[in-house]
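A.B. asks: sequence plus predicted model, see below.
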Amino acid sequence: MSDRFADPEGGRAPRGRRSGTGRLLTGVTWAVLLLGLWLWGREVTAVRHGLSVPATGDVAAVGRPPGTAELPPAVRPLPGAARPQRLDVPGLGVQAPVVARGLDARGALDPPPFDQPGVVGWYAAGVQPGAAGTALMVGHVDTDTRPAVFFRIGSLRPGETVRVIRDDGRVAEFTVDDVRTLTREDFDARLAYGPREPGRAELRLVTCGGTFDRASRSYTANVIVSAYLTGTGL
C-alpha cells in the first residue's frame with residue numbers, strides 16, 4: 001500500500017505495468033485508500049474538543065495570493081528510507097515530536113491520541129518526508145482548554161518554511177506553496193493528498209478548520225497546507 005500511495009502518478013503498478021489485472025488491483029487499492037482518507041478528512045473533524053473561539057482555519061483558502069514572491073525551485077528527493085522524528089515550523093514557533101500512525105478499522109487515517117495535543121502524526125504506510133511523493137502529517141487544532149499543535153497552520157503563507165528532522169540525521173526543508181480550507185461537503189481526497197507536481201517530494205499538514213458545530217461536536221472543514229522540498233541538510 002505504501003508504494004501505491006507514494007507514487008507521484010497516483011498509484012504504482014507492478015514492475016513493468018505488465019498486466020491489466022495489476023492495473024485493476026492498483027486502481028482498486030488507490031480508490032480504497034482515497035476513500036479511507038476522504039472518510040478521515042470528514043470524520044477527523046468530529047473531535048471531542050472545542051474552544052470557544054474559531055480555529056485559525058476559519059477562513060477561506062488563501063492559496064497563493066497575488067503578488068507573492070517567486071518561490072524557490074524544488075530540489076531532488078532524498079534517497080534512502082528515514083522516519084520523521086520532529087516537525088519544526090519556525091514561523092509559528094512549533095517544534096513537535098512526530099509519531100507513526102496507521103489506518104483504523106474503517107480504513108480511515110488514525111490521528112494522534114486526543115491526550116497528546118502537542119504531537120504530530122505521520123501516515124507511516126505512505127511516503128517518508130523528503131522522498132518522492134506526498135508525505136502526510138496530521139495534528140489536532142485544539143483541546144477542551146487550549147490550542148493544540150496545528151492551531152495556527154491556517155495562517156501560514158506561501159514561501160514560509162517547514163522542516164522535518166529525520167532519523168537518518170538529515171533535515172528535509174519544505175517551502176509552503178498553498179494553503180486551502182476544504183469543507184466537509186466539498187472534501188476532495190485527491191486535491192488534499194495528491195501530488196501537485198509529479199516527481200517532487202511534497203508534504204501535507206492537515207488539521208480541523210472552519211467553525212465548530214456544537215450540535216454535532218465537529219468542525220466544518222479541514223485546513224490543508226501543501227509544501228514541497230526545497231533544501232536538505234545535516
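C.D. replies: Structure's in. What do you need? As the structure is a computational prediction, the values presented were derived from the model and not from experiment.
A.B. asks: can you give me the helices in the chain?
C.D. replies: 2-6, 20-43, 189-193 (DSSP state H).
A.B. asks: out of the ones you listed, which gets the lowest mean score?
C.D. replies: Note on those: lowest mean pLDDT is at helix 2-6, with a mean of 26.
A.B. asks: pick out the residue closest to the middle of this protein.
C.D. replies: The centroid of the chain falls nearest to Arg204 when counting by CA atoms, centre = their mean (2.9 Å).
A.B. asks: contacts only, for the closest residue to that one other than its chain neighbours.
C.D. replies: Of all residues not flanking Arg204 in the chain, Leu136 sits nearest, at 5.1 Å (CB to CB, 6 or more residues apart in numbering). All C-beta spots, glycine's among them, are computed from the backbone N, C-alpha and C. For Leu136, the contact set (CB atoms under 8 Å, 6 or more residues apart in numbering) comprises Leu109, Trp122, Tyr123, Gly126, Val127, Tyr193, Arg204, Val206.
A.B. asks: what is the least confident helix or strand in this protein?
C.D. replies: In the chain, no helix or strand scores lower on mean pLDDT, DSSP states H and E than helix 2-6, which sits at a mean of 26.
A.B. asks: hey, which strand is longest across this protein?
C.D. replies: strand 218-233 (DSSP state E).
A.B. asks: what packs against that strand?
C.D. replies: Here strand 218-233 touches strand 171-183, helix 189-193, strand 201-213, going by 3 or more CB pairs under 8 Å, 6 or more residues apart in numbering; DSSP states H and E.
A.B. asks: which one of the ones you listed is the most hemmed in?
C.D. replies: strand 201-213 (a mean of 24; mean count of other CB atoms under 10 Å).
A.B. asks: tell me the average confidence for that strand?
C.D. replies: The model assigns strand 201-213 a mean pLDDT of 89.
A.B. asks: low-confidence ranges in this structure?
C.D. replies: 1-68, 108 (pLDDT under 70).
A.B. asks: just checking, Leu78 touches Gly169?
C.D. replies: No: look at Leu78 against Gly169 with CB atoms under 8 Å: they stay out of range, at 11.3 Å.
A.B. asks: between the two, which one's more packed in?
C.D. replies: Leu78 (20 against 10; other CB atoms under 10 Å).
A.B. asks: only the buried residues of stretch 162-171, if you could.
C.D. replies: Val162, Arg163, Val164, Ile165, Arg166, Arg170, Val171 (16 or more other CB atoms under 10 Å).
A.B. asks: that stretch: end-to-end distance?
C.D. replies: 10 Å (CA to CA, to the nearest Å).
A.B. asks: which residues touch that stretch?
C.D. replies: 78, 80, 82-90, 98, 128-130, 135, 156, 172-176, 203, 205, 225, 227, 232-234.
A.B. asks: may I see the ChimeraX selection of the buried members of those?
C.D. replies: Here is the ChimeraX command that selects the buried residues among the contacts of stretch 162-171 (16+ other CB under 10 Å):
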select :78,82,84,86,87,88,89,98,128,129,130,135,156,172,173,174,175,176,203,205,225,227,232
